[in-house]
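J.: Next one to model:
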Amino acid sequence: EGMSNLVRVLETRRTGAAIVLADLREDAVVYLNGNPYVLRDLDRPQSELGYAGMSPDSLVKLETRLMDDVLTEARTRQDRILVHAEAPSALGKGGLL
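T.: The predicted structure is shown next:
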């Protein structure tokens, strides 16, 4: 859904040039109600887990495992899961909710 939204925005600004998208993420991402969530270390929530250089196949396997974990938690908790989100602070930097 997120990529579809991006393409729609880009197409509205299109000048005739081709649209080329490159996904360079290095995190396992799961979308819940259209919002992206990634794995983080509980003690260092604003640091990446360091998947740089991971093969695309390995990243897909990690994302599949993450989604399986989310679905398992939802089944055991009446369709609820615990997530932590970032929000802009008064200084314009991300903060934890």
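
J.: so which strand or helix has Glu11?
T.: helix 2-12 (DSSP states H and E).

J.: Please list the outside residues in contact with that helix.
T.: Ile19, Leu21, Tyr31, Gly34, Pro36 (CB atoms under 8 Å, 6 or more residues apart in numbering). For glycine as for every other residue, the C-beta is placed from the backbone atoms N, C-alpha and C.

J.: Glu73: which of those residues is nearest?
T.: Top of the list for closeness to Glu73, among the contacts of helix 2-12 and by CB to CB, is Tyr31 at 15.5 Å.

J.: thinking again about what came up before, Throw the contacts of helix 2-12 into a markdown table and include neighbour count and distance to Asp68, thanks.
T.: As requested, those are exported to a markdown table (neighbours: other CB atoms under 10 Å; distance: CB to CB, whole Å):
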| residue | neighbour count | distance to Asp68 |
| --- | --- | --- |
| Ile19 | 10 | 33 |
| Leu21 | 8 | 27 |
| Tyr31 | 11 | 15 |
| Gly34 | 8 | 20 |
| Pro36 | 12 | 17 |
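
J.: Looking at those, which are in strands?
T.: The strands, defined by DSSP state E, take in Tyr31, Pro36 from the contacts of helix 2-12.

J.: Of the contacts of helix 2-12, just say which sits nearest to Met54.
T.: Checking the contacts of helix 2-12 one by one against Met54 (CB to CB), the nearest turns out to be Pro36, at 17.7 Å.

J.: how near is that closest one to Met3?
T.: 11 Å (CB to CB, to the nearest Å).

J.: In the protein, spot the helix with the most residues.
T.: Longest helix in the chain by number of residues (criterion: DSSP state H): helix 56-76.

J.: ok, back up a step: what about the helix holding Glu11, average pLDDT?
T.: Here helix 2-12 scores 77 as its mean pLDDT.

J.: Same question for stretch 50-58.
T.: 78.

J.: What of stretch 34-46?
T.: Averaging pLDDT along stretch 34-46 yields 77.

J.: list the buried ones in it?
T.: Under the neighbour-count criterion of 16 or more other CB atoms under 10 Å, stretch 34-46 has Tyr37, Leu39 buried.
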